[in-house]
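Peer 1: starting from these lines, generate the structure:
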Amino acid sequence: MGNKVKSIGLIGLGMVAGVAASFQFSAIAQKITAAPLPLEELRQLSDVFGLIKTDYVETVDDKKLLTEAISGMVSSLDPHSVYLDKKAFREMRETVAGKFVGIGVEVGLEDGYIKVVSPIEDTPAFKAGIKAGDLITRIDGTLIKGSSLDESVKKMRGEPHSKVSVTISRKDEDKPLVFNITREEIRVQSVKAKIVEPGYAWVRISQFQEPTLDDMARKVAALYQQNPHIKGLVLDLRNDPGGVVPGAIGVSAAFLPKDSVIVSTNGQLPTSKETFYGRQEFYAPRAKSDPLARLPAALKDVPMVVLVNAGSASASEIVAGALQDYKRATIMGQQTFGKGSVQTLRQLTADTAVKLTTARYYTPKNRAIQARGITPDLLVDETAEGDGLNRLRVREADLQKHLGNDKEPEGEAKRDVLEDEQRIAALAKKYKPVEFGSKDDFQLKQALNHFKGLPVQLSKAEARPASDVGETKPDTTPKPDTKAK
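Peer 2: Residues are numbered from 1 along each chain as shown. Predicted structure coming up:
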């Protein structure tokens, strides 16, 4: 039991949305092996350090040199291993806990600017009057057009009670609006749920954080109180970059038979060779009661569609893979990101740590999805006209130094000429972000059509090879529930 609880600290996360982990640390000294040190290479490192100190054009701080050396050594391994300095370590802990210090807006990119998808209720941005659809053009007076989303988000975050100036361009307003906002601690709601049509529920998980499982159980229970006879449930994992693995195990367990195998891991360490089941000891080991106990029994049998896309990574792929392997849900959308590796956090000091890839993870049928992803049962584009902004996303297989797929090394998903042409077409059409769960959400409409036995408009693009899960490659031949309109 002790080893299993310790191993639950393993994490999985996507490249797009920051880091997530549970904090179970071991002293680095305990991990040192008896392997001989490469003295010649270490001597070279010492020599280079000395050369920089004596010959470089200006004085360089010792701490900076050594920190960068550590960072370079770790980041050379794969895209997900990284050295976390004080700031990055703090941000990671905030992400895991589902809270951060900022102004409280959900944002996306549009025409080079940051678009407010929604202000979070009762946050400084909400109280100041920032609205959905506003374009953020300047932060503290600095023009942000062309900046990355991550860079702009970091500028809006800061210390509690510090101030930030946000300039807004709003439709129907002749002049820019300037808001001077005091940052506060924001608690993120990673789960949204609603009845989208009579008898049909939509549950969206935007990221797997420590509160996610409790939030999902509470909101799904509320949906069943609102409508005890739900005929179909859509689990929306699009653009979910992953997060804490216990959350993914718990979400999977909510829909599967008790004690089902959810995911397994394998690496060099004995503790990385684990199988995780749908039991409380794996998804909520420190909770006083089982968060899934409040869920209605009907959840085990309700017809399900899981929506995924190229932004669905890591923990969200664990859920999609498990539900697909057990044929519990129809997976719909586009090929997922393909991050099938596990990261473990090793704390170095009180304020710094190394996040190191320590294992691969596998679906219940022992599929390795690293650099491959989950292939949907029904390939459906983001919009009726094509795959929209989803075509602009990179996947794990596109990243330099990505870990290979140990099960199917020749079957890794790689960008081909057709996909490059589709990316160019998507750029030319200037697609706008889809508001997931809205009346204009094309993939959600197709999921509802699938429940109702109506035609589903399949992807116009060439399908990727199907994963070996017992099913054949999705058939694009018109059928009663998959006929293209």
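Peer 1: how about the helices in the stretch 101-250 of the chain?
Peer 2: Taking DSSP state H, counting those that start in this stretch as the test, the helices found in the stretch 101-250 of the chain are 124-128, 149-156, 212-226, 245-255.
Peer 1: just these: most buried one?
Peer 2: Each of the helices of the stretch 101-250 of the chain was assessed for mean neighbour count using mean count of other CB atoms under 10 Å. The highest is helix 245-255, with a mean of 28. All C-beta atoms are positioned from the backbone trio N, CA, C, and that covers glycine.
Peer 1: any idea how far residue 170 is from residue 137?
Peer 2: Computed as CB to CB, to the nearest Å, the residue 137 to residue 170 distance reads 10 Å.
Peer 1: on that earlier part again, out of the helices of the stretch 101-250 of the chain, nearest to residue 99?
Peer 2: Closest approach to residue 99 among those is made by helix 212-226 (12.8 Å; CB to CB).
Peer 1: which stretch in the helices of the stretch 101-250 of the chain has the least confidence?
Peer 2: The minimum mean pLDDT among these belongs to helix 149-156 (a mean of 86).
Peer 1: what does that helix contact?
Peer 2: When contacts are defined by CB atoms under 8 Å, 6 or more residues apart in numbering, helix 149-156 is touched by residues 18, 102-103, 105, 107-109, 114, 136, 139-140, 142, 144, 164, 166, 183.
Peer 1: among those, which has the minimum pLDDT value?
Peer 2: Within the contacts of helix 149-156, residue 18 has the lowest pLDDT, namely 29.
Peer 1: which of the helices and strands in the protein ranks last by mean pLDDT?
Peer 2: strand 11-13 (a mean of 34; mean pLDDT, DSSP states H and E).
Peer 1: the nearest residue to residue 76 once chain neighbours are set aside and residue 88: what is the separation?
Peer 2: The shortest distance from residue 76 to any non-neighbouring residue, by CB to CB, 6 or more residues apart in numbering, is to residue 401 (7.2 Å). From residue 401 across to residue 88, the span is 19 Å (CB to CB).
Peer 1: quick one on the thing from earlier: after the least confident helix or strand of the chain, next one along is what?
Peer 2: The C-terminal neighbour of strand 11-13 among helices and strands, as given by DSSP states H and E, is helix 39-55.
Peer 1: elements contacting that next one?
Peer 2: Judged by 3 or more CB pairs under 8 Å, 6 or more residues apart in numbering; DSSP states H and E, helix 39-55 is in contact with helix 62-75.
Peer 1: against which helices or strands is the helix it packs on packed?
Peer 2: Under the contact criterion of 3+ CB pairs under 8 Å, 6+ apart, helix 62-75 touches helix 39-55, strand 82-84, strand 353-362.
Peer 1: mind giving me the packing neighbours of the host helix or strand of residue 306?
Peer 2: Residue 306 belongs to strand 304-308 when elements are defined using DSSP H and E. Judged by 3+ CB pairs under 8 Å, 6+ apart, strand 304-308 is in contact with strand 232-236, helix 315-325, strand 330-333, helix 442-452.
Peer 1: out of the ones you listed, which is closest to residue 76?
Peer 2: Checking the helices and strands packed on strand 304-308 against residue 76 by CB to CB gives helix 315-325 as the closest, at 25.0 Å.
Peer 1: buried stuff in that closest one?
Peer 2: For helix 315-325, the neighbour count (16 or more other CB atoms under 10 Å) marks 315, 316, 317, 318, 319, 320, 321, 322, 323, 324, 325 as buried.
Peer 1: let me have those residues in JSON lines, extended by distance to residue 149 and pLDDT.
Peer 2: Output for those, formatted as JSON lines (distance: CB to CB, whole Å; pLDDT from 0 to 100):
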{"residue": "315", "distance to residue 149": "21", "pLDDT": "96"}
{"residue": "316", "distance to residue 149": "19", "pLDDT": "96"}
{"residue": "317", "distance to residue 149": "22", "pLDDT": "98"}
{"residue": "318", "distance to residue 149": "25", "pLDDT": "98"}
{"residue": "319", "distance to residue 149": "24", "pLDDT": "98"}
{"residue": "320", "distance to residue 149": "24", "pLDDT": "98"}
{"residue": "321", "distance to residue 149": "27", "pLDDT": "98"}
{"residue": "322", "distance to residue 149": "30", "pLDDT": "98"}
{"residue": "323", "distance to residue 149": "29", "pLDDT": "98"}
{"residue": "324", "distance to residue 149": "30", "pLDDT": "98"}
{"residue": "325", "distance to residue 149": "33", "pLDDT": "98"}
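Peer 1: and the two most separated of those residues?
Peer 2: Farthest pair in the buried residues of helix 315-325 (CB to CB) is 315 and 325. Separation: 15.8 Å.
Peer 1: run through who's touching stretch 55-71.
Peer 2: Contact with stretch 55-71 is made by 45, 49, 52, 53, 82, 83, 85, 354, as judged by CB under 8 Å, 6+ apart.
Peer 1: so what's the gap between it and the chain middle?
Peer 2: 34 Å (CA atoms, centre = their mean, to the nearest Å).
Peer 1: so for it, mean pLDDT?
Peer 2: 95.
Peer 1: using the three-state scheme, assign residue 374.
Peer 2: coil (DSSP: H, G, I helix; E, B strand; the rest coil).
Peer 1: what's near enough to touch it?
Peer 2: With contact taken as CB under 8 Å, 6+ apart, residue 374 is in contact with 308, 312, 317, 320, 321, 324, 331, 335, 336, 467.
Peer 1: what about the strands in the stretch 151-300 of the chain?
Peer 2: Taking DSSP state E, counting those that start in this stretch as the criterion, the stretch 151-300 of the chain contains strands spanning 163-169, 177-182, 184-187, 191-197, 200-205, 232-236, 242-244, 261-266, 274-277.
Peer 1: report the angle between the fifth one and helix 315-325.
Peer 2: Going by axes from the mean of the first three to the mean of the last three CA atoms, to 10 degrees, strand 200-205 is angled at 140 degrees with respect to helix 315-325.
Peer 1: dump strand 200-205 to PDB, restricted to CA.
Peer 2: The C-alpha coordinates for strand 200-205 follow below in PDB (Å, rounded to 0.1, in the frame of the first residue of the first chain):
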ATOM      1  CA  TYR A 200     -28.200  15.300 -22.700                       C
ATOM      2  CA  ALA A 201     -25.400  16.500 -20.400                       C
ATOM      3  CA  TRP A 202     -22.000  18.100 -21.200                       C
ATOM      4  CA  VAL A 203     -19.100  17.900 -18.700                       C
ATOM      5  CA  ARG A 204     -15.900  19.700 -19.600                       C
ATOM      6  CA  ILE A 205     -12.600  19.200 -17.800                       C
END
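Peer 1: mean confidence for stretch 441-460?
Peer 2: Averaging pLDDT along stretch 441-460 yields 96.
Peer 1: against residue 293, how distant is residue 101?
Peer 2: Residue 101 is 34 Å from residue 293, where distance means CB to CB.
Peer 1: those two: which is more packed in?
Peer 2: Ranked by neighbour count (other CB atoms under 10 Å), residue 101 and residue 293 place residue 101 first, with 19 against 9.
Peer 1: pLDDT score for that one?
Peer 2: pLDDT, read off for residue 101, is 89.
Peer 1: which residues does it contact?
Peer 2: Contacts here follow CB under 8 Å, 6+ apart; on that basis residue 101 touches 94, 157, 158, 159, 160, 183, 184, 185, 186.
Peer 1: higher neighbour count, residue 401 and residue 88?
Peer 2: More neighbours surround residue 88 than the other of residue 401 and residue 88, with 18 against 11 (other CB under 10 Å).
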